[in-house]
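*Asks:* A predicted structure for the sequence below; I have some questions about it.
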Amino acid sequence: MARVDKWLLVLVAAVLVLAMPLIRSALPPKYFYDSLKIQQVAAGIARYEEDRAFTVTGGLYRWLGLESSPAAVAVLSMLLCYGVVVLAWRDTRYVTRAQFVLACLYLLFAAVYLSSYSKDVFVLLLVAVLLTAPRGLAGEVLIVGAMLGYAYVVREYWFLVAAAYIAARRVFRGPFRPRTVLVFLVVVTAVCAVAFLVGQGVELDHFRGVVNEDRGSADAETAIAVSVGGGLVGSALSCLLVLVTLLLPVPLLLTGNPLHAAFFVLIVTMWVLVGRGIRSRLRDGSGAQGDIRWVRCFSLVVSFVLVQSFFEPDYGSYLRHLSPILPVAIYVAGRPAGDRGPSQESAAVRHPKVA
């Protein structure tokens with residue numbers, strides 16, 4: 001299997017930092033609405049009391065002294081984005097070509113969505129906890145605690161991500177096959193559909209519909225409007241269909257916009273590479289026994305994308321929220337533990353045996 005020196009990613013990151021002004025100028029203003037709001041809150045020239053996340057995030061940037069330093073925010077954010085990838089690869093120097101391509105896509109998305117004032121860049125701290133947490137219950141408590149903290153302060157749907165992650169860790173703790181993943185997705189969706197209806201009196205995709213009702217025509221161009229009907233069963237099926245379109249975003253192609261077509265290609269490439277990595281791990285039915293980090297990363301990817309299918313209003317928001325999770329997906333796309341790398345010594349370092 002062809003390998004790539006991970007330090008080549010330094011060059012990619014440097015090029016993207018230099019190209020950031022060009023990247024931003026090529027994108028419509030709607031990509032930076034949230035960034036502008038956070039900067040305004042940080043600078044004290046606006047308040048968005050109806051959304052506590054903007055207030056908290058803007059206050060944090062102000063506390064860091066970055067309220068009027070967008071260039072510093074861009075550089076520091078990209079350094080953090082790069083640092084998390086290095087953290088994921090800390091046990092190896094060489095990575096697969098699939099991992100390297102995924103890392104390049106991740107840094108590209110980071111340059112678009114995470115290099116300015118952002119609520120999502122702080123998810124990288126949560127990802128760092130997941131990648132470094134010790135084995136055992138203490139590690140799981142740290143990971144879930146980080147999710148709950150982020151949910152309480154910034155995005156409440158992370159409470160659901162945390163619950164789905166706990167369930168995933170139970171389901172995927174031993175050998176499993178692809179059909180186990182499909183059953184998990186269907187069962188969790190059904191449980192959430194019932195919980196939403198009983199607990200809040202709304203359908204599972206209710207909140208996506210509420211957000212999209214207030215969109216202007218420009219903002220609604222990439223809106224996720226997939227539906228097979230209402231009610232308990234209809235909303236659950238709609239969310240499962242949305243999940244498919246998050247992995248294969250055909251609606252982006254149907255807009256006829258070249259930029260959307262480019263994002264379609266990037267998204268499909270990303271998930272094909274991740275899917276190949278997962279298939280390699282599961283093809284013999286053994287999962288990833290002994291590689292607790294892989295199982296944790298896999299559980300988070302599955303849980304997060306599933307919850308996205310309940311809430312994401314459009315594909316731009318989907319990519320923005322997904323971007324800080326991509327270092328986890330990069331690790332999931334790694335080679336099977338039994339493969340041999342450039343040398344047995346380095347392979348042993350990459351995948352140490354666990355008693």
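*Replies:* Happy to help now that I have it.
*Asks:* could you point out the helix or strand that follows the particular helix or strand that has residue 4 in it?
*Replies:* Counting by DSSP states H and E, the element that carries residue 4 is strand 3-5. Going down the chain from strand 3-5, the next helix or strand is helix 8-25, by DSSP H and E.
*Asks:* of all the residues in that following helix, which ones are buried?
*Replies:* Within helix 8-25, the residues scored as buried using 16 or more other CB atoms under 10 Å are 9, 12-13, 16-17, 20, 24. For glycine as for every other residue, the C-beta is placed from the backbone atoms N, C-alpha and C.
*Asks:* most widely separated two among those residues?
*Replies:* 9 and 24 (21.4 Å; CB to CB).
*Asks:* hey, where'd the helices end up in the stretch 51-200 of the chain?
*Replies:* Assigned helices in the stretch 51-200 of the chain, in chain order: 52-63, 70-88, 97-113, 123-132, 137-153, 158-171, 178-199 (criterion: DSSP state H, counting those that start in this stretch).
*Asks:* what's the closest of the ones you listed to residue 247?
*Replies:* Evaluated over these, closeness to residue 247 peaks at helix 178-199, with 11.3 Å, by CB to CB.
*Asks:* helices or strands up against whichever helix or strand comes after that closest one?
*Replies:* On the C-terminal side of helix 178-199, the closest following helix or strand by DSSP H and E is helix 206-213. Under the contact criterion of 3 or more CB pairs under 8 Å, 6 or more residues apart in numbering; DSSP states H and E, helix 206-213 touches helix 292-311.
*Asks:* for the helix it packs on, name the packing helices and strands.
*Replies:* Short answer (3+ CB pairs under 8 Å, 6+ apart): helix 292-311 packs on helix 123-132, helix 158-171, helix 178-199, helix 206-213, helix 231-247, helix 258-282, helix 315-322, helix 326-332.
*Asks:* low-confidence ranges in the protein?
*Replies:* 1-2, 214-220, 284-290, 335-355 (pLDDT under 70).
*Asks:* residues in contact with residue 114?
*Replies:* By CB atoms under 8 Å, 6 or more residues apart in numbering, the contact set of residue 114 is 77-78, 81, 120-121, 124, 323-324.
*Asks:* separation between it and residue 298?
*Replies:* 23 Å (CB to CB, to the nearest Å).
*Asks:* quick check: residue 196 touching residue 202?
*Replies:* Yes: Residue 196 is within contact range of residue 202, at 5.6 Å (criterion: CB atoms under 8 Å).
*Asks:* neighbour count: the two, which is higher?
*Replies:* residue 196 (21 against 13; other CB atoms under 10 Å).
*Asks:* residue contacts, the more buried one?
*Replies:* By CB under 8 Å, 6+ apart, residue 196 lies in contact with 202-204, 206, 235.
*Asks:* which among those end up buried?
*Replies:* When the contacts of residue 196 are checked for burial by 16+ other CB under 10 Å, the buried set is 203-204, 206, 235.
*Asks:* residue 85: which of the residues you listed is nearest?
*Replies:* Closest approach between those and residue 85, by CB to CB: residue 204, at 33.6 Å.
*Asks:* what distance do you get for that closest one to residue 211?
*Replies:* Distance from residue 204 to residue 211, counting by CB to CB: 14 Å.
*Asks:* kindly report the same for residue 124.
*Replies:* 25 Å.
*Asks:* and these two? which has more neighbours close in?
*Replies:* Shown here are residue 124 and residue 211; by other CB under 10 Å, residue 124 has more neighbours (24 against 16).
*Asks:* check contacts around the more buried one.
*Replies:* Contact analysis of residue 124 by CB under 8 Å, 6+ apart lists 80-81, 84, 114, 324, 327.
*Asks:* phi and psi next, for the residue lying closest to residue 38 once chain neighbours are set aside.
*Replies:* If the residues on either side of it in the chain are set aside, residue 38 comes closest to residue 117, at 3.9 Å by CB to CB, 6 or more residues apart in numbering. Main-chain dihedrals, residue 117, degrees, to the nearest 10: phi -60, psi 120.
*Asks:* mind listing what residue 117 touches?
*Replies:* Residue 117 makes contact with 34-36, 38-39, 42, 57-58, 61, 70, 73 under the criterion CB under 8 Å, 6+ apart.
*Asks:* and residue 327, by the same measure?
*Replies:* Applying CB under 8 Å, 6+ apart, the residues near residue 327 are 84-85, 87-88, 106, 124, 127, 131.
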